[in-house]
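K.L.:
Got a predicted structure here, sequence first:
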Amino acid sequence: MPSITRRLLTGFIVLIAVVFGGSAGYYLIGDGKWAFRECIYMTVITVTTVGYGETLPGMDVTPYARGFTMLLLIFGTGSIVFFASMITAFVVEGELKDVLFQNRLKKRMKRMKDHIIVCGAGSTGRNVIEELLKTGNAVVAIDMNEHELKEIADKHPKADYAYLPGDATDDDVMAQANPAAARGLVAALSSDKDNLYLVVSARQQWPTMRIIARCAENQHVEKIRKSGADAVVSPNAIGGMRMVSEMVRPAVVSFLDTMLRDQRAAYRIEEVTIGKDAADAGGTLRDARVRERFGMSVIAARTSDGAPWLYNPGPEEKLPGGATLVVLGSAEQVARMRKEMA
């Protein structure tokens with residue numbers, strides 16, 4: 001239970017204890033001549049300092065009654081002030097703000113379309129989320145560590161980002177991420193078993209969704225792929241390849257690292273698919289004028305799914321509808337090219 005909520009509950013319990021204790025005290029002092037409900041009324045108007053006077057008959061001549069009232073005023077007023085301060089803290093210190101913020105997140109998730117759901121915000125998942133946000137993708141992140149999710153939100157205040165604190169393998173939690181409208185899912189939990197469950201569950205419910213899964217153990221890669229993942233990534237294998245690259249091609253690694261960390265723009269190697277009814281469909285690479293229109297270079301092209309890649313394609317290369325171009329450019333350039341060539 002959050003600290004402020006615990007203090008608010010404590011203040012309420014103290015206030016109830018003071019009211020009950022004061023009522024019982026009056027009842028005992030009066031030796032039963034005052035009804036208990038009248039004692040409650042006297043206690044309430046005393047601790048709230050209403051000032052209606054002594055409502056219990058004969059209080060002025062009853063031993064200890066006024067002395068008890070003075071004690072009740074001290075402790076009762078203190079409990080009222082404490083409880084009121086806790087209510088103020090509840091509003092000011094963020095509990096109410098958090099509730100409203102969570103409601104806004106839920107509404108945002110319901111409106112999101114073509115987003116990517118990332119399950120896990122640990123060492124791998126956090127990098128996935130931040131890279132997606134840097135390149136202009138809408139993301140819904142799910143993780144048990146709410147602090148980690150909030151840190152990402154604070155770091156990318158203008159990004160199309162929402163998050164859910166909870167267990168990604170819980171179907172009720174996953175349903176809140178609006179998976180039916182999502183473009184894809186990244187299973188980046190720390191356990192291969194949990195990632196396998198996510199892949200199987202997502203593939204059964206959303207057959208057309210693109211699913212990428214993290215796999216720590218090499219012997220589990222094929223199992224996760226056969227369960228429905230479009231691609232399986234092993235951080236250990238990639239780490240080994242990176243170490244080899246640092247050894248034999250350090251300049252290339254340095255170039256890619258510099259490009260990824262460039263503060264001026266998020267330059268990336270991206271893919272753009274030409275729509276079947278786009279104006280550029282059927283023309284040549286020269287006719288598409290990618291460099292002149294978008295300021296980008298075409299690194300490779302593929303005329304259709306399953307066709308071999310053409311590296312450094314020439315200007316006379318035909319671009320039928322459905323062809324895919326691999327380009328080097330900023331997130332803004334790629335977004336504009338996708339829009340015009342869709």
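P.N.:
Arrived safely, thanks for sending. Numbering: from 1, shown residues only.

K.L.:
if I pick Arg242, what's in contact with it?
P.N.:
Val253 (Cβ atoms under 8 Å, 6 or more residues apart in numbering). All C-beta atoms are positioned from the backbone trio N, CA, C, and that covers glycine.

K.L.:
let me redo that: Thr49
P.N.:
Leu73, Thr77.

K.L.:
what do you get if the cut-off is 7 Å, keeping everything else the same?
P.N.:
Thr77 (Cβ atoms under 7 Å, 6 or more residues apart in numbering).

K.L.:
Could I get the full set of strands for the stretch 1-150 of the chain?
P.N.:
116-119, 139-143 (DSSP state E, counting those that start in this stretch).

K.L.:
Turn those into JSON lines, including mean neighbour count and distance to Ile129.
P.N.:
Compiled in JSON lines, the strands of the stretch 1-150 of the chain are given as follows (neighbours: other Cβ atoms under 10 Å; distance: least, Cβ to Cβ, whole Å):
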{"stretch": "strand 116-119", "mean neighbour count": "26", "distance to Ile129": "5"}
{"stretch": "strand 139-143", "mean neighbour count": "26", "distance to Ile129": "5"}
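
K.L.:
Looking at those, which is nearest to Ser297?
P.N.:
Nearest to Ser297 among the strands of the stretch 1-150 of the chain is strand 116-119; the distance by Cβ to Cβ comes to 26.1 Å.

K.L.:
just to revisit the earlier point, okay, the strands of the stretch 1-150 of the chain in a markdown table with mean pLDDT and distance to Ser79 next?
P.N.:
Shown next, in a markdown table, are the strands of the stretch 1-150 of the chain (pLDDT from 0 to 100; distance: least, Cβ to Cβ, whole Å):
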| stretch | mean pLDDT | distance to Ser79 |
| --- | --- | --- |
| strand 116-119 | 96 | 46 |
| strand 139-143 | 95 | 40 |
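
K.L.:
Just put the ones you listed in JSON lines and tack on distance to Gly22.
P.N.:
Formatted as JSON lines, those follow (distance: least, Cβ to Cβ, whole Å):
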{"stretch": "strand 116-119", "distance to Gly22": "54"}
{"stretch": "strand 139-143", "distance to Gly22": "48"}
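
K.L.:
just so I know, which of the ones you listed lies nearest Tyr64?
P.N.:
Nearest to Tyr64 among the strands of the stretch 1-150 of the chain is strand 139-143 (59.9 Å), distances taken as Cβ to Cβ.

K.L.:
Return that closest one as PDB; C-alpha atoms alone will do.
P.N.:
Backbone C-alpha positions of strand 139-143 (Å, rounded to 0.1, in the frame of the first residue of the first chain) are rendered in PDB as follows:
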ATOM      1  CA  VAL A 139       4.300   1.900 -28.000                       C
ATOM      2  CA  VAL A 140       2.300   0.300 -25.200                       C
ATOM      3  CA  ALA A 141       4.700  -1.200 -22.600                       C
ATOM      4  CA  ILE A 142       3.800  -3.800 -20.000                       C
ATOM      5  CA  ASP A 143       6.000  -4.600 -17.000                       C
END
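
K.L.:
just to revisit the earlier point, between the strands of the stretch 1-150 of the chain, which one is nearest to Tyr163?
P.N.:
Closest to Tyr163 of those is strand 139-143 (Cβ to Cβ; 4.4 Å).

K.L.:
That closest one - contacts with which helices or strands?
P.N.:
When contacts are defined as 3 or more Cβ pairs under 7 Å, 6 or more residues apart in numbering; DSSP states H and E, strand 139-143 packs onto strand 116-119, helix 125-134, helix 146-155, strand 161-165.

K.L.:
quick revisit: out of the strands of the stretch 1-150 of the chain, which gets nearest to Thr5?
P.N.:
Per Cβ to Cβ, nearest to Thr5 of these: strand 139-143, 22.1 Å.
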